[in-house]
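Undergrad: Model the structure of this input:
(2 chains)
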Amino acid sequence: MKLLRAWLAGLPAYLWSGWGALASLLLLFAVWEGVSALYGPLVMPDPRSTFATLLGLLDSGEAWPELAITARRALIGYLFAVLVGGGLGLLAGLSMTASMMSRPLVTVLMGMPPIAWLVLAMLWFGAGDGTPVLTVFVASFPIVFVGALQGTRTLDNQLQTMAQAFRLPWAMRFFDVYLPHIISYLFPAAITALGTSWKVVVMAELLATQDGVGAALAVTRSHLDTPATMAWIVAVVGLLLAVEYLVLEPVKREVERWREQSA
Amino acid sequence: MTAERRQLSVRGLSHSFGRDEVLAGIDFCLYSGEVLALVGPSGCGKTTLLHLAAGLLTVHEGEVRVDFQRTAFMFQQPRLLPWQSTLDNIALGLKAAGMKRAEREHRAHSLALQLGLAHRDLDKFPHQLSGGMQSRVALARALVMEPELLLLDEPFAALDIGLKEEPYRLLLDHQHRLGTAVLMITHDLMEAVRLSDAILVMAPAPGRICARFELDLPARARDEAWVYRQTAQFLQAEVVRDCFALPPLAPGAGPGLPSGAGTAPKPSGSGLRLVSADGVDVAESGQREVANGD
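TA: Here you go, the predicted model:
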C-alpha cells in the first residue's frame, strides 16, 4: 500500500523525466521514416502505415489473443527462471565451493545460443507451449542465477555479526538483513532477464509454434507483408517498454530508495 | 548496589585463532553499574575479548559467565541496516525480542528524541544522516534494549572531537539511571578516563591484562581539567608505558608530578589509582614499588 502510494506520488516527476527518453524514441522514428523514404515501403514501411496496421490489428481483435499467448509463454518461462534461478543462485552463494563450481556452468549456459536450445526443445516438446517456455527459461535462468549468486556472496559480514549480536531470529535475519541486499542484486538481473525472455519467446514461436506473435510474424513474412511485420514488432517492443518503464523501473526506484546518492 | 549484584565474570580465558594465541589467562569481573574500559595497543585482542563476552565467538578455554539477562552491543562502525529507516533500525533489537510493532516504535521514538534525533530524521535512511547522527542511532539501538550489560567496541572512534561530548553524556546518564554494566574498548585514553570506573590495560602477544586502574570520582562529576590531569598521570605510569611500548619518561618530564607517578593518589581519593599490575594486587602503600619494579 505504502509502495503503491509512493509509486503514484512519484509518477508525475518520473513521467516528466521521461521527456528525454521520448525525444530519443522520436529521433528513432525519424530515422525509420528516412530509411523508409530511401528504400521504399516494401523494404521498410514508414512508421505511419505501420502504426495504422497495428491499430487495425488491435481493432479487429486479431492481435490480443496472439499477444496474450506470447505473454503467457514468456511469463511462465520467466517465472520459472526467477524462482529456480533465484533459489539455486542463493543456495550456490551460500557455499564457496558451489559458487566456484557453478561459475563455468553459468558461462556455458550464457554462451550457448538460445537457438540451439530451441532445436533441442522442439525435439523434446514438439509444437506445444513447452518449446518456447523451455527456451525462455534456459535463456533467462543464468542471468537471474548470477544476480542471486552475487547478492549472496557479497553479503555484509559486519551486518551479519550485528544481527548475531542483537540475537535476530532466523526469519528476521533472512527478511531484514539478507533479503534486501540480495534483492538489490536480483532485481536488476530480473529486469534484464525479462527483456531476454520477451525476445527469445518471439524467436521460439517463429520457428516452433502455430500461434503467438512469433507465428504471426512467420505468416506475415511468408506473405511479404512488411507493414504487418513491423506492426507486430512494434507491438512486442511497445509492450516490453511499457512493462519495464511503467511498472518495473518505478518499483525498482522505490525499493532501492535507500541506495540513492549514497555518499 | 543491590543485594545480589549481577556480574560478567571472566576466568582464565584464553583464545587462539589457529596457531595464533590471541588471549592468554584473562581474569576480570564486571558488576552491574560499573563501567570498565579496555585499553591497549592494536592487536592485543581487545575486540576478541569483547566478542567472547558477547557470545559472538565460542569460548574454548577458560570461562565467561554472564548473569545479565539483556546484552547489547555497539560496534565501531554504526552498522545500520541501509534499507531500513532510522526508527526501524533503532527498534531492531526489540523486534528481535518479539515486541509488538506499536510498542517498539513508541520506545524507539521516545529514546531517539532523548538522544537528540529530530522527528524528521526518523523516517530517513542511514545514508541520509551524518556520521554523528548515525552513531547516535547505533547508540539508540543499543540503549533501547535497556541492556543490563552494554558492550562497546570503540563506538565513538569515528566521531570528531566536538561530537563526542554529547554521546558521552547520553551514555553516562542512561548508564547511571539503569545501573547498566558497560564494558568498552577504546583507543582514546581520554575517553577511558572520561567514562570508566576502572581501566584494564592490555598488552599484546599474547593478549593479557597487565594492569588495572580505578577512578574514584563518579564519571558524571568529572570535568575536562580532571580528565586531562588523570590522563596525563595515567600516561606516566610505567606499566602503561610498557604496554604501549612508549619510551621511558625522562626524569622530571611530568608536568609538576612526582616522577614515575602514575599512581600517586589524590588526597581526596578522587583520582586515578593503580590497583594491580601483572596480576599482583598493589597495596595502597606499596604502589610505587610494584608499578616500577618489573
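Undergrad: can we go C-alpha only for contacts and neighbour counts from here?
TA: OK.
Undergrad: If you average the pLDDT over stretch B:235-255, what comes out?
TA: In this model, stretch B:235-255 has an average pLDDT of 73.
Undergrad: Please identify the buried residues of that stretch?
TA: Under the neighbour-count criterion of 16 or more other C-alpha atoms under 10 Å in any protein chain shown, stretch B:235-255 has B:Leu235, B:Gln236, B:Ala237, B:Glu238, B:Val239, B:Val240, B:Cys243, B:Phe244, B:Gly254 buried.
Undergrad: Out of those, which two sit at the greatest distance?
TA: The distance between the two most remote of the buried residues of stretch B:235-255 (C-alpha to C-alpha) is 18.7 Å, for B:Cys243 and B:Gly254.
Undergrad: The most centrally placed residue in chain B: what secondary structure?
TA: Centroid-nearest residue in chain B: B:Met184, 1.8 Å away (criterion: C-alpha atoms, centre = their mean). Of the three states, B:Met184 takes strand under DSSP: H, G, I helix; E, B strand; the rest coil.
Undergrad: of the buried residues of stretch B:235-255, closest to chain A?
TA: Using C-alpha to the nearest C-alpha, B:Phe244 is the member of the buried residues of stretch B:235-255 that lies nearest chain A, at 28.1 Å.
Undergrad: Backbone dihedrals for the closest one, please?
TA: B:Phe244 has phi and psi values of phi -90, psi 10 when expressed as degrees, to the nearest 10.
Undergrad: contacting residues for it?
TA: Counting by C-alpha atoms under 8 Å, 6 or more residues apart in numbering or on different chains, B:Phe244 touches B:Gly40, B:Pro41, B:Ala203.
Undergrad: Mind doing that once more with 7 Å?
TA: If you count contacts by C-alpha atoms under 7 Å, 6 or more residues apart in numbering or on different chains, B:Phe244 has them with B:Gly40, B:Pro41.
Undergrad: Same question for B:Thr71.
TA: The contact partners of B:Thr71, taken as C-alpha under 7 Å, 6+ apart, are B:Pro147, B:Glu148, B:Leu149, B:Leu150.
Undergrad: out of those, who has the most neighbours?
TA: Using other C-alpha atoms under 10 Å in any protein chain shown as the contact criterion, the top neighbour count among those goes to B:Leu149, which has 30 neighbours.
Undergrad: Give me the phi and psi for it.
TA: Reported as degrees, to the nearest 10, the phi and psi values for B:Leu149 are phi -130, psi 130.
Undergrad: I'd assumed B:Arg70 was in contact with it.
TA: Yes - counting by C-alpha atoms under 7 Å, B:Leu149 does reach B:Arg70; the two are 6.5 Å apart.
Undergrad: for the stretch 101-250 of chain B, what spans make up the strands?
TA: B:149-153, B:181-185, B:198-203, B:208-215 (DSSP state E, counting those that start in this stretch).
Undergrad: Dump those to JSON lines, plus mean pLDDT and distance to chain A.
TA: Below are the strands of the stretch 101-250 of chain B laid out as JSON lines (pLDDT from 0 to 100; distance: least, C-alpha to the nearest C-alpha, whole Å):
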{"stretch": "strand B:149-153", "mean pLDDT": "88", "distance to chain A": "10"}
{"stretch": "strand B:181-185", "mean pLDDT": "90", "distance to chain A": "15"}
{"stretch": "strand B:198-203", "mean pLDDT": "86", "distance to chain A": "23"}
{"stretch": "strand B:208-215", "mean pLDDT": "83", "distance to chain A": "24"}
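Undergrad: Now these in CSV, please, with extra columns for distance to A:Ala231.
TA: Conversion of those to CSV gives the following (distance: least, C-alpha to C-alpha, whole Å):
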stretch, distance to A:Ala231
strand B:149-153, 65
strand B:181-185, 70
strand B:198-203, 77
strand B:208-215, 79
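Undergrad: Nearest to A:Leu134, out of those?
TA: A:Leu134 lies closest, by C-alpha to C-alpha, to one member of the strands of the stretch 101-250 of chain B: strand B:149-153, at 53.0 Å.
Undergrad: Identify the residues contacting A:Val201.
TA: When contacts are counted by C-alpha under 7 Å, 6+ apart, A:Val201 is found next to A:Thr70, A:Ala74, A:Pro132, A:Val136.
Undergrad: so how far is the helix or strand containing it from its chain's centroid?
TA: Following DSSP states H and E, one finds A:Val201 within helix A:179-208. With C-alpha atoms, centre = their mean, to the nearest Å as the basis, the distance from the averaged C-alpha position of helix A:179-208 to the chain average is 3 Å.
Undergrad: For it, buried residues please.
TA: Buried positions in helix A:179-208, judged by neighbour count with 16+ other C-alpha under 10 Å: A:179-191, A:193-208.
Undergrad: same deal with stretch A:107-123?
TA: Of the residues in stretch A:107-123, those scored as buried under the neighbour-count criterion (16+ other C-alpha under 10 Å) are A:Leu109, A:Met110, A:Pro114, A:Trp117, A:Leu118, A:Val119, A:Ala121, A:Met122.
Undergrad: check contacts around the last one.
TA: Contacts of A:Met122 were listed using C-alpha under 7 Å, 6+ apart, and they are A:Thr131, A:Ala208.
Undergrad: quick one: contacts for the residue nearest in space to the middle of chain A?
TA: Central residue check for chain A by C-alpha atoms, centre = their mean: the C-alpha nearest the mean position is that of A:Leu194, 1.2 Å away. Neighbouring residues of A:Leu194 by C-alpha under 7 Å, 6+ apart: A:Tyr78.
Undergrad: From A:Thr135, how far off is it?
TA: In this structure, A:Leu194 lies at 13 Å from A:Thr135, with C-alpha to C-alpha, to the nearest Å as the measure.
Undergrad: Repeat that for B:Val193.
TA: Applying C-alpha to C-alpha, the value for B:Val193 to A:Thr135 is 69 Å.
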